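1. Okay, sequence plus prediction incoming.
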Amino acid sequence: MPLITLNNVDYGVGGPLLLNDVVLSIEPGERIALIGRNGAGKSTLMRLISGDIHPDDGEVRREGGVRIARLEQEVPHGADGDVWDVVAGGLGELGSWLAQYHHLSHAEQVDTDALAKVQQKIEDAQGWSLDQRVTETLQRLDLDGDAVFARLSGGMKRRVLLARSLVSAPDVLLLDEPTNHLDIEAIDWLEGFLKAWQGALVFVTHDRRFLRSLATRIVEIDRGQVTSWPGDWDNYLRRREERLNAEAQENARFDKLLAQEEVWIRQGIKARRTRDEGRVRRLKAMRSERSQRRDLTGNVKMDFAQSESSGKKVVEAKDVSFAYGERRLMTDLSTTIFRGDRIGLIGPNGSGKTTLLKLLLGEIKPDSGEVKLGSNLQVAYFDQYRATLREDWNALENVAEGREFVEVGGKSKHVIGYLQDFLFTPERARAPITRLSGGERNRLLLAKLFAQPSNLLVMDEPTNDLDVETLELLEELLGDYAGTLLLVSHDRDFLDNVVTSTLVMEGDGRVGEYVGGYTDWIRQRPVKSVPAGAAAKPAAAAAAPTPVAAPKKKLSYKDARELEQLPIRIEALETRVGELTAQMNDPAFYQRDAAAMTAHTELMTKTQAELDAAYDRWNELEG
């Protein structure tokens, strides 16, 4: 039985309907990828499914008791405090009570009256089992509940918001661009996590490898129509191409017939005397049908402003080292970048990729070593945070910068016409930039970037929020770029299709250099084993003079006996904790009465405390 069903749903925001006569069902356990151009209505469809907005017409039916959680594309307002607060917020008002209890009970000076009041609220709502669920969700996603949410990286914030979505144990999970701002390691983790997750999943993503790995069904939104394509991404692409070819042929046949009828109606006096009134009515119907047709949205047309060639040697780095305080980002890096190279930078968030870019561009000085820049360089920089876009200017002003024409591809173009190549209508081009979606902002930044003459293109996460068609066109354009490219990206397919070599932040100051893209690096990278230096420690220790050991304190008979028994006790406690956890994970557990669940939770807490104490005692006696 479907968990959620949409029957003949319409939704509009002025002009043609954004979603027209939608019929869709979501079954338990399936993983649906929503596909469509930027602005097609993917996020709107998710909001209709979740109940955040209501259709203009039609019905959204949710089975009784179905729980829905949605991970939004942007960090929601009001998501502050520590991680525990944000995750508990996924439980609504009860979550806020649990967060209050968490803070009051961990305060240095406990306000007993306030603690008793909030404890009573939780008990009245039978909410103690959910307190344990918050803790388990944090452990499951490897999150520190006491960390301050505002200080986390973009990737960690996404992980916290995912925990917030999961804590309510949803039957349907809605994810809007879940891979944005995640590094490759985090994306791999998320793929594995979602594959093992048992609920229904509906997600929007620009990451084609992530999509291929997860999707069991493709749902496409195109010109207001929603169509379902069972199977994987490659099957969808093949069948979509067949459908578009058939649609183009039918439209051509219709337009030819309409043109013939328009000639007939204008033939003059002779034709009007013998006019077939039925044919006239058919012509009027055809005119109406043609006026209502919504043609396929055009593709972005991208080209570069021409520039003189740079020197053959673009950047030369010799024995470059750099550190922030005691944290070493790179040690003795030597590399040479030549004209025409397309180099990808790979590494976890915070590993120093942007810092490496700035070192190679000469924006910051290395602690040691030398960076030499080639001659005649013209640099164009794509910033992942879009800081080069002025918020007080509209799209037209951001690209024109006082000019009326731009030189692109050897031709002069009016700025309005140039922006239309990037799918901005004249009205949209003059709209405040604050009204643009994430995808539109990225397209605008690309338009601004490509209007600048350059022979060294630096792109920091350019793929976020772009639809698949624009992404593929950007790949093709970068493949034809005559200059040199430095690219930071976590999109594995994009790296494979664009770059010719990679610089990889491998940790401990090591920067590896590999031929090819992401898949080539995976094949070439060294197998992870004992960290460098760890294997050398025993030999170094053997060579060093052996220090005189401090006399070891002898255990009493009682302590020695306790130490002997502790491993057995720890094993028994771990087994018991596992059994109690398994019982709480069973859906039948939450059908018990409140007293039984409270007793179980208290027993779980007590057993875990005994296990922690046993470990502490074992470490103490071993020492």
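-> Nice, thanks for sending it over. Numbering: from 1, shown residues only.
2. mind listing what Leu445 touches?
-> Under the criterion of Cβ atoms under 8 Å, 6 or more residues apart in numbering, the contact partners of Leu445 comprise 382-383, 386, 388-389. Every C-beta, even on glycine, is put in place using the N, C-alpha and C of the backbone.
3. want to throw those residues into JSON lines with secondary structure, pLDDT and neighbour count?
-> Below are the contacts of Leu445 laid out as JSON lines (DSSP: H, G, I helix; E, B strand; the rest coil; pLDDT from 0 to 100; neighbours: other Cβ atoms under 10 Å):
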{"residue": "Phe382", "secondary structure": "strand", "pLDDT": "79", "neighbour count": "20"}
{"residue": "Asp383", "secondary structure": "coil", "pLDDT": "73", "neighbour count": "16"}
{"residue": "Arg386", "secondary structure": "coil", "pLDDT": "58", "neighbour count": "17"}
{"residue": "Thr388", "secondary structure": "coil", "pLDDT": "71", "neighbour count": "12"}
{"residue": "Leu389", "secondary structure": "coil", "pLDDT": "78", "neighbour count": "17"}
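4. Asn497: which of those is nearest?
-> Closest to Asn497 out of the contacts of Leu445 is Phe382 (17.0 Å), distances taken as Cβ to Cβ.
5. and the gap between that closest one and Leu485?
-> Phe382 sits 10 Å away from Leu485, taking Cβ to Cβ, to the nearest Å as the criterion.
6. Quickly note the distance from Arg47 to Leu18.
-> Arg47 sits 11 Å away from Leu18, going by Cβ to Cβ.
7. ok, back up a step: kindly point out which residues are neighbours of both of Phe382 and Leu485.
-> 457-459.
8. and the helix or strand encompassing Ala252, average pLDDT?
-> With secondary structure defined by DSSP states H and E, Ala252 is part of helix 233-265. Average pLDDT, helix 233-265: 72.
9. repeat for stretch 52-59
-> The predicted model assigns stretch 52-59 a mean pLDDT of 92.
10. gap between stretch 31-45 and the chain center?
-> Centroid separation for stretch 31-45 versus its chain: 14 Å, with Cα atoms, centre = their mean, to the nearest Å.
11. Also stretch 449-459?
-> With Cα atoms, centre = their mean as the basis, the mean position of stretch 449-459 lies at 26 Å from the chain mean.
12. List the buried residues of it.
-> 449-452, 454-459 (16 or more other Cβ atoms under 10 Å).
13. Pick the one among those closest to Lys318.
-> Of all the buried residues of stretch 449-459, the one sitting nearest Lys318 is Leu456; the distance, using Cβ to Cβ, is 19.3 Å.
14. What score does Thr546 have for pLDDT?
-> The model's pLDDT for Thr546 equals 38.
15. To clarify, my last question referred to Lys358.
-> The per-residue pLDDT reported for Lys358 equals 90.
16. Number of residues surrounding it?
-> With neighbours defined by other Cβ atoms under 10 Å, the count for Lys358 comes to 14.
17. need the next SSE after whichever strand or helix holds it, C-terminal direction.
-> Here Lys358, judged by DSSP H and E, is contained in helix 353-360. Per DSSP H and E, the first helix or strand lying C-terminal to helix 353-360 is strand 368-373.
18. related to what we said a few turns ago, take the shared contacts of Phe382 and Leu485 and keep only those in strands.
-> With strands identified by DSSP state E, the entries of these that belong to them are 457-459.
19. could these go into TSV alongside pLDDT?
-> Below are those laid out as TSV (pLDDT from 0 to 100):
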residue	pLDDT
Leu457	89
Val458	90
Met459	88
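20. Any chance of the residues you listed in TSV with distance to Gln120 as columns?
-> Listed next are those as TSV, based on distance: Cβ to Cβ, whole Å:
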residue	distance to Gln120
Leu457	62
Val458	59
Met459	56
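21. where do the strands sit along the stretch 301-450 of the chain?
-> Using DSSP state E, counting those that start in this stretch, the strands of the stretch 301-450 of the chain run over 313-324, 327-338, 342-346, 368-373, 379-382, 405-408, 411-414.
22. Can you tell me which of those strands is most buried?
-> strand 342-346 (a mean of 23; mean count of other Cβ atoms under 10 Å).
23. So in that sheet, which strands flank it, and in what orientation?
-> According to DSSP bridges, strand 342-346 has the following sheet partners: strand 484-488 (parallel), strand 501-507 (parallel).
24. Next, the angle helix 353-360 makes with that strand.
-> Our comparison of strand 342-346 with helix 353-360, counting by axes from the mean of the first three to the mean of the last three Cα atoms, to 10 degrees, yields an angle of 140 degrees.
25. Mind checking the pLDDT average for strand 342-346?
-> Strand 342-346 shows a mean pLDDT of 93 in the predicted model.
26. Distance of the nearest residue to Arg159 once chain neighbours are set aside relative to Ser165?
-> Beyond its immediate neighbours in the sequence, the residue positioned closest to Arg159 (Cβ to Cβ, 6 or more residues apart in numbering) is Leu141, lying 5.8 Å away. Distance, Leu141 to Ser165, by Cβ to Cβ: 11 Å.
27. residue contacts, the residue nearest to Arg159?
-> By Cβ under 8 Å, 6+ apart, Leu141 lies in contact with 159, 162-163, 166, 193.
28. mind giving me a markdown table with those residues and columns for pLDDT?
-> Rendered in a markdown table, the data for the contacts of Leu141 read as follows (pLDDT from 0 to 100):
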| residue | pLDDT |
| --- | --- |
| Arg159 | 82 |
| Leu162 | 85 |
| Ala163 | 85 |
| Leu166 | 84 |
| Phe193 | 84 |
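29. These, buried ones only, as a ChimeraX selection?
-> Buried residues among those (16+ other Cβ under 10 Å), as a ChimeraX selection:
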select :159,162,163,166
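30. Where helices are concerned, which of the contacts of Leu141 count?
-> In helices, judged by DSSP state H, the following of the contacts of Leu141 are found: 159, 162-163, 166, 193.
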